[in-house]
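Colleague: What would the 3D arrangement of this be:
(2 chains)
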Amino acid sequence: MILFASTMSFLLIYTSILLVTALAGLFSERSGVLALSLEGNMTIGSLFAGIAMNLMPGSVPAPIACIVVIIAAIIGGMLYSFLHAVACITFKANQTLIGIALNILAVSIAVVGNKVLTASPALPAGNSRLKFTAFYEMFNFIVPGMETVRFNWLIFIILALLPLAWFILYKTKFGLRLRACGENPRAADSAGINVTKIRYVGVLICGALSGLGGLALILTGAEWEFASGANGFGFLALAVLIFGQWKPFLVFLGSLIFALFKTISVIYPSIDFLASLNISSYFYLMLPYIVCLIALIFISKKNKSPKDLGNPYDKGNS
Amino acid sequence: MNKIKALFIKCFDTVNNGLTKFTKKESAKTVITSLWCALLGLFIGFIIILFINPSNAFDGMAATLENFFIFSNSDTRLYYFGSTLAKTAPLIVMSLSILFGYKCGLFNIGASGQYTIAFVVILFAGLVGNLPWYLVMLLAMIAGASYAVITGLLKVFFNVSEVISGIMLNCIALYLGNGLCQSNTTVWDASHGESFKITQGSQAFLPNIGLDKLFAGNTVVGIGIIFALIAVIVIFVVLKKTTFGYEIQTIGLNPEAAKYAGINKVKAIILSTIICGALAGLSASLSAQNGFNSWQLSSTVVSAGFDGISSAFLGGLNPIAVVFSSYFITHITDGGSVITDLGFAPQVANIITASIIYLSGFSAFIKQYISDKDLMREQKLLCRGNNKKEDK
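Modeller: Predicted structure coming up:
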């Protein structure tokens, strides 16, 4: 029972982190902008959430405090993705390069930012940790019968985002325009759609959702080390997005599968069968990435990526 | 949006007018663009430390920029200049790895992973195997190349983007490195929680061939920097003077044209990933075999490959310029590591380098802008000339 409870708790939280971040990438990539900076957006989202938690006076009632923290994470992600949008859309920069730069920049900003704005002097100098026990309790609830573990109610918000994302992408005018910009921006432009504007909105939605992903990530525990960035979840989410062939429900399936492997890497010592194999813990940590690489081999042949993904749109030329 | 763009153009314009005569040549344009990126990066860094601690900001920035100039004794200066040079060598080679891949249209994000695998091989070959330095270096290059070729094979035969596979391979290499290093007690120093370093006196340590006398007895300066410069020359020659270099640049610039010109894309891509990997391995060798780094347990991928990306792009993707950009980046990261005494996190220097990569994304725009201005000026002159002729 304890094993089942901890499996469920890890599986749900990892699924929700991967799902919300992959959905974030979906909005950016469907509009034609590579979402390599997911990891960076998450990091900055988590930094903003951490700062909000730290600055929050104790007198604020719990529901309001939680909402403020969520909004802070979303704003953090959006502000950071704005940097991505300016470079990639307005200045037509190389999207891979900018994505990588933003990922590296985010870790340094988070470490420095956390040290300056929140860290207590008692912590060792090399680390950039933040403790938020009170908020960890606020965001979590206990399921009767599974008292040993905590569940995070952000899971419900994130699961509700899945049908919403599908609805926006496939049933609204904006969704159609967004997809058109990713497939054939020239055609979209000649139909009177402002490609630049739509791509900006796509990237900003991406920032908002991945900021939320960053918050969900740091709430996996009661403290967080900012030097580890987003622990590779942003990259994994990108893989989930490709695995899901840029379709919301397949993305959900992908995040479930990858979350399962992530979960195994955490709980394998308590599974008798896996523990008896006596394999190094690092193998289980590697497993999600190996699976992803193998999955990519089978998927990439018939790749259904948005056709204009990664190309800056130039109105004037050609 | 247009406002930001206008502001950007305006401040650029005022300074740039002074440099206009010089901007005709393509290489001059690259130099100006890179200088702009470096300056703006430093400026951003300055703003950030000004925000953190205004009273120490100038000292902090000065310490970052001065690095070894902070010492008054000229011998001490020379000694630490030597150290900075020796630390530059791995970065130069890593930038070459990124640059070479980029010329072939490959974004070698996997460089960090290739570096990691080579690093582990070096530790095992040097500490456990106790092999001489040249064999260790060779093994490192082979290890890097064989890890890199996975990316090439996946791209050529399965159409997997090298960016995604590179990211995955980086993470796999990270855990592989953590696991393998910890598994052996000759490699792993359990009391310090990191691997042993390859120290002076070990057979695997790079020889200094008398160069220490030039740098006030600093024995770290040695054959490493010479290997880095040889690598620069080799890559320069391969890119500029050989058919293979021409072929891969054609693939990078226009894959369709390369196809119709009969270039064997499969062979070229796989060969260039092998070269990229070997260079990343060499970079690990110049770093580990000089005793700079040990392997430390980490949950994030090593930054070596990403630093290579920043100096490659800051150097305008030119093998010669990369020497200077690598030196610049090492200089400020090295200088940045001392500002902890002034109450700043050493990551401030990382913010500067990361801003530089971000800004170098704008380099195409800046270059285009310089070219457009030149063109306009020429047309104006031409018009004037024609008018004069008509007047006569």
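
Colleague: Please give the element, helix or strand, for residue 114.
Modeller: You didn't pick a chain, so chain A it is. Secondary structure assignment for residue A:114, by DSSP states H and E: helix A:95-117.

Colleague: wait, chain B
Modeller: Element membership of residue B:114, judged by DSSP H and E, is helix B:111-123.

Colleague: That helix - contacts with which helices or strands?
Modeller: Judged by 3 or more C-beta pairs under 8 Å, 6 or more residues apart in numbering or on different chains; DSSP states H and E, helix B:111-123 is in contact with helix B:74-103, helix B:133-158, helix B:162-183, helix B:265-288, helix B:304-314. Where you see a C-beta, it was placed from the backbone N, CA and C, and this is true even at glycine.

Colleague: what about the fourth one, near chain A?
Modeller: Yep, that's helix B:265-288 we're talking about. No: figure legend: helix B:265-288 not in contact with chain A (C-beta under 8 Å from any C-beta of the partner chain); closest approach 15.1 Å.

Colleague: Okay, angle between that helix and helix B:111-123 too, please.
Modeller: Per axes from the mean of the first three to the mean of the last three C-alpha atoms, to 10 degrees, the angle that helix B:265-288 makes with helix B:111-123 is 50 degrees.

Colleague: by contact count, what packs against the regular element (helix or strand) spanning residue A:157?
Modeller: Following DSSP H and E, the helix or strand that holds residue A:157 is helix A:154-171. Packing partners of helix A:154-171 (3+ C-beta pairs under 8 Å, 6+ apart): helix A:2-30, helix A:173-183, helix A:195-218, helix A:248-267.

Colleague: Give the buried residues for that helix.
Modeller: A:154-155, A:158, A:161-162, A:165-166, A:168-169 (16 or more other C-beta atoms under 10 Å in any protein chain shown).

Colleague: got a markdown table for these, with distance to residue A:46 and pLDDT too?
Modeller: Supplementary listing: the buried residues of helix A:154-171 in a markdown table, determined by distance: C-beta to C-beta, whole Å; pLDDT from 0 to 100:
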| residue | distance to residue A:46 | pLDDT |
| --- | --- | --- |
| A:154 | 13 | 89 |
| A:155 | 17 | 90 |
| A:158 | 15 | 93 |
| A:161 | 18 | 94 |
| A:162 | 22 | 95 |
| A:165 | 21 | 95 |
| A:166 | 26 | 96 |
| A:168 | 25 | 95 |
| A:169 | 26 | 94 |
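
Colleague: pLDDT on the helix holding residue B:114, on average?
Modeller: For helix B:111-123, mean pLDDT rounds to 94.

Colleague: how much does that helix deviate in direction from helix B:162-183?
Modeller: In terms of direction (the same axes, to 10 degrees), helix B:111-123 departs from helix B:162-183 by 30 degrees.

Colleague: hmm, the helix holding residue A:114 in reach of chain B?
Modeller: Yes: contact of helix A:95-117 with chain B (C-beta under 8 Å from any C-beta) involves A:96-98, A:100-102, A:104-105, A:107-109, A:111-112, A:115-116.

Colleague: which intervals of the chain have sub-threshold pLDDT?
Modeller: Picked chain A for this. For chain A, residues meeting the criterion pLDDT under 70 lie at A:1, A:118-127, A:316-318.

Colleague: actually it's chain B I care about, not the one you picked
Modeller: Counting by pLDDT under 70, the ranges of chain B that qualify are B:1-5, B:7-8, B:11-24, B:70, B:340-343, B:388-392.

Colleague: which strands and helices sit next to the helix holding residue A:114?
Modeller: Judged by 3+ C-beta pairs under 8 Å, 6+ apart, helix A:95-117 is in contact with helix A:38-55, helix A:62-85, helix B:26-52, helix B:304-314, helix B:347-360.

Colleague: To residue A:209, which of those lies closest?
Modeller: With C-beta to C-beta as the measure, helix A:62-85 is the member of these nearest residue A:209 (7.3 Å).
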